[in-house]
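Q: Predicted model and sequence below, questions to follow.
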Amino acid sequence: MYAIVEISGKQYKVSPEDQIYIPYQPDAAVGDSIVLPNVLLWADGDNIQVGCPCVPGAEAKANVLGHVSGDKVIVFKKKRRKRYKVKRGHRQLHTRIQISQLTLN
């Protein structure tokens, strides 16, 4: 059984007990349970339902495991012969969740 859910404009393929990193959710505290209502595709064996755009009655439930920072991205700018160099780093925030169950009513 798996589903394709939309979270913050991005699509993820999830199954029960999967752990995924999603864009940072500031309103979700560690240990909270969240519901992901935008299920675009729901599949269980030969039974596949595709939404238009969402499957009615389908939802995924997940538990928030924590908030983490991603890998560092280095931004380096340079203009030759102008004595201009700028080096900056950035770490994007992510929320780690574990899918607890997929339901279809």
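A: Right, received. Where do you want to start? Residues are numbered from 1 along each chain as shown.

Q: May I see the buried residues of stretch 31-42?
A: Going by neighbour count (16 or more other C-beta atoms under 10 Å), the buried part of stretch 31-42 is 34, 36, 38-42. All C-beta spots, glycine's among them, are computed from the backbone N, C-alpha and C.

Q: where exactly do the strands run in the chain?
A: 2-7, 10-14, 19-23, 33-36, 39-44, 47-50, 58-79, 84-104 (DSSP state E).

Q: Give the other helices and strands that the third one contacts.
A: So the one you mean is strand 19-23. strand 10-14, strand 58-79, strand 84-104 (3 or more C-beta pairs under 8 Å, 6 or more residues apart in numbering; DSSP states H and E).

Q: Now do the shortest one: which elements does it pack against?
A: Contacts of strand 10-14 with other secondary structure elements, assessed using 3+ C-beta pairs under 8 Å, 6+ apart, are made with strand 2-7, strand 19-23.

Q: and the residue of the chain positioned farthest from its centre, what is it in contact with?
A: Here the centre of the chain is the reference, and by C-alpha atoms, centre = their mean the most remote residue is R81, at 43.4 Å. Contacts for R81 (C-beta atoms under 8 Å, 6 or more residues apart in numbering) come out as none.

Q: Need the per-residue pLDDT for it.
A: Looking at R81, its pLDDT reads 97.

Q: swap in N105?
A: The model reports N105 with a pLDDT of 86.
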